[in-house]
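> Build me a model:
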Amino acid sequence: MSVSPAETPGLRGLLSLAVAVVVVGALYFAREVLIPITLAVLLSFLVAPIAAFLRRWHFGRSGSVVVAMLLPLVVLMGLGAVIGTQVSALVQEVPEEQTVIVHKIDTIRDATIGNLDSFVKQAGKELQRAAAPKAPSAPVAGAPKPPERVSVVPPPVSPTDVAKGIIGPVLGPLAAMVIVFTVATFILLYREDLRDRMIRLFGSNDLHRTTTAIDDAADRLSRYFLTKFLINAAFGVIVGVGLALIGVPGAILWGVLTALARFIPYVGSFIAAVPPLLLAAAIEPGWGMVIAVLILFGVGETVTGQVVEPMMYGRTTGLSPVSVIVAAIFWGWLWGPIGLLVSTPLTLLFVVLGRHVERLEFLDVLLGDRPALTPVETLYQRALAGDPDEALDQAEAVLRDHTLVEYYDEVVLPALRLAAGDATRGALYPGQLERITETVEELLAGLAGHRDREDETGPTVGLPAREDWAAVWQGDAPVLCIAGRGPLDRQGCDIVAQLLGRHGVGVRVVGHEAAARTHIASLDTDGVAMIVLCYLDIAAAPSSLRYLAQRVRGLRPDVKVAAGFWTTKEDYERYSDFQAAIGARFYPTSLREAVDQVLGEAVATAARGRVVSADHEPEAEEHVFKLGLPLQPGAA
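Here you go, the predicted model:
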């Protein structure tokens, strides 16, 4: 058996790889320039809603931007003053607690590795004793003198040097902050002009898509920053108040640092919890305060991360949890601590680009929270893998927002059509078709007892009771469902039977072989009021359905036939001439229509019976047209 050689990468793939390498290199080597600009852009997104609110209150364009930019500046200055005051107070308190810290460290060490430590010390002493040199003899004449000890005295520090040491480290961050605020101010002042230029540069040929992408990015980022800021501020206040009640020094400082650290995804709160834990261990001989601090951060972060944030964010960001972690690692490696802070909003920008730019769709697939596979593809994959439990889990998730018949119509039948098409082409491996069949059967069995809102508001609510239907419709199986000759048509019949059974209509399902030419004469049709033919894919065997319908009509010309080949309405229009050749009474385009048509026929017989007996023609028309069906046979 010969194996074909692996295909070489195409030119487009190599170019994409080269572009990615160049972009990453540019982000790394130009970080001194890109970081302030990135921070300015993100700050403008944070302040934009405030500026828009002030502008609506007639502050004017410039006035609203200046006031909006002053708010974060005042907040930063206030936080800096609070942090400086708290740090100076802690510097004076911490040395007094050094003995307690040392004592607790010794206690932990003795409780864990004390014996090992004593053994190592004893072994070290023995080794030193064995390797110790013997006492030196009397000095020999002419021997060199031992070296003299020399001490280096530093020169006196001048006031200029002190000023450089204090001001120098501050100038860099201060200059960066001035650049960030200046650029952010200009971005807000010329926001509309910059947006128009971006549209002209990247999407003048598709104004609708480009405008939607820009508005989507701005809206998501603004809502994310505002929501994140409010949540972090509230969490910082809770931590500060909790630490103050516990008795940890510098509670305000730790609350502020916790609020800032929570901008780092997932690990920010735990990093912020380390200093308060150390202080709690220092100021109390016991461990009660440490446990209280652990409970405060653990419970607070769990409630905030698992309850509050999902409730407030909803679908604001659209990022998957894995992408947030990977983005934090990538941007942290690329830009350091600043990269950790901006990793989530930058990743969000890439996701928005992926959703609106076709060539960048892979970004949305890799980083976004939308499922990589559609529900139809997911169900087909679970069926191929023979995993009915996962298929049932997916069904329960879909059924939270959809009725059962909608789930069957929009998910199950399209998945069955995919499977039937692969089986017809011979694309399935041995045993996969059996796994698909078993998975679908277990799925239907698991959903047999499902109840949704249609059970109270479905098509039979308010219609005549089953006891008022014609006698033929009150039998055990008034509907005969005949499967097509496709590999999964039988499962389509099972779905129809389950849906009709939920409305009190019994269904008997038979395979295609039961209606074959050699067996059609012996097909039991006693007590049958309607026959439903099920084909998942009529394109695979159009003549089969036509001849099957002819045989059924020849066997029971008095029974109405519904030919259901579940596909799109466009396909039904293509097969309009073919429908005339079939000669069926109904051609349902979905399971919903099939159920409504069968129930409508049952109700119509009851209504016509009451018209004859009580002359209630308006009531009959009301019941029939409530299902959207024609009253007269053969009507369009």
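> For the chain, give me the ranges with low pLDDT.
Across the chain, the ranges flagged by pLDDT under 70 are 1-10, 13, 90-170, 202-208, 312-318, 453-466, 538-542, 566-580, 605-636.
> residue closest to the middle of it?
Residue closest to the average C-alpha location in the chain (Cα atoms, centre = their mean): D369, at 3.1 Å.
> ok, that one touching S320?
Yes - the criterion here is Cβ atoms under 8 Å, and D369 meets it with S320 at 4.7 Å. Every residue, glycine included, has its C-beta placed from N, CA and C.
> any idea which helix is longest in this protein?
The longest helix of the chain (DSSP state H) is helix 207-246.
> Pull out the buried residues from it.
Neighbour counts over helix 207-246 (16 or more other Cβ atoms under 10 Å) mark 210-211, 213-214, 216-218, 220-229, 231-233, 235-236, 238-240, 242-243, 246 as buried.
> and that helix, what does it pack onto?
helix 31-56, helix 191-203, helix 251-261, helix 268-283, helix 288-303, helix 309-313, helix 337-356 (3 or more Cβ pairs under 8 Å, 6 or more residues apart in numbering; DSSP states H and E).
> chain center to it, what's the gap?
What separates the centre of helix 207-246 from the centre of its chain is 18 Å, taken as Cα atoms, centre = their mean, to the nearest Å.
> now that helix and helix 337-356, what's the angle there?
Following axes from the mean of the first three to the mean of the last three Cα atoms, to 10 degrees, one obtains 140 degrees for the angle between helix 207-246 and helix 337-356.
> and the direction of helix 207-246 versus that of helix 191-203, what angle?
Using the same axes, to 10 degrees: helix 207-246 against helix 191-203 is 120 degrees.
> Tell me how far R417 lies from A562.
19 Å (Cβ to Cβ, to the nearest Å).
> got it, and R195?
55 Å.
> Counting neighbours, what do you get for Y28?
12 (other Cβ atoms under 10 Å).
> Tell me the secondary structure at the residue nearest to it when sequence neighbours are not counted.
The spatial neighbour of Y28 that comes closest, neighbours along the chain excluded (Cβ to Cβ, 6 or more residues apart in numbering), is L334 at 5.7 Å. Under DSSP: H, G, I helix; E, B strand; the rest coil, L334 falls in the helix class.
> And A563, which helix or strand is it part of?
strand 560-565 (DSSP states H and E).
> Revised request: answer the last question for S323.
helix 321-335.
> What are the buried residues along that helix?
So helix 321-335, judged by 16+ other Cβ under 10 Å, has buried residues 323-324, 327-328, 330-332, 334-335.
> would you put the C-alpha positions of it in CSV?
What follows is helix 321-335, C-alpha atoms only, in CSV (Å, rounded to 0.1, in the frame of the first residue of the first chain):
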residue,chain,number,x,y,z
PRO,A,321,-12.1,31.2,29.7
VAL,A,322,-9.3,29.3,28.1
SER,A,323,-8.6,32.2,25.7
VAL,A,324,-8.4,34.6,28.7
ILE,A,325,-5.8,32.5,30.4
VAL,A,326,-3.7,32.0,27.2
ALA,A,327,-4.0,35.7,26.4
ALA,A,328,-2.8,36.7,29.9
ILE,A,329,0.3,34.4,29.5
PHE,A,330,1.0,35.7,26.0
TRP,A,331,0.6,39.4,26.7
GLY,A,332,2.4,39.0,30.1
TRP,A,333,5.4,37.5,28.3
LEU,A,334,5.2,40.2,25.6
TRP,A,335,4.6,43.4,27.7
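> list the helices and strands that helix packs on?
helix 11-29, helix 31-56, helix 337-356, helix 361-367.
> just the angle between it and helix 31-56, please?
Going by the same axes, to 10 degrees, helix 321-335 makes 120 degrees with helix 31-56.
> Contacts for helix 321-335, please.
24, 27-28, 31, 35, 264-266, 339-340, 342-344, 346-347, 351, 366-368 (Cβ atoms under 8 Å, 6 or more residues apart in numbering).
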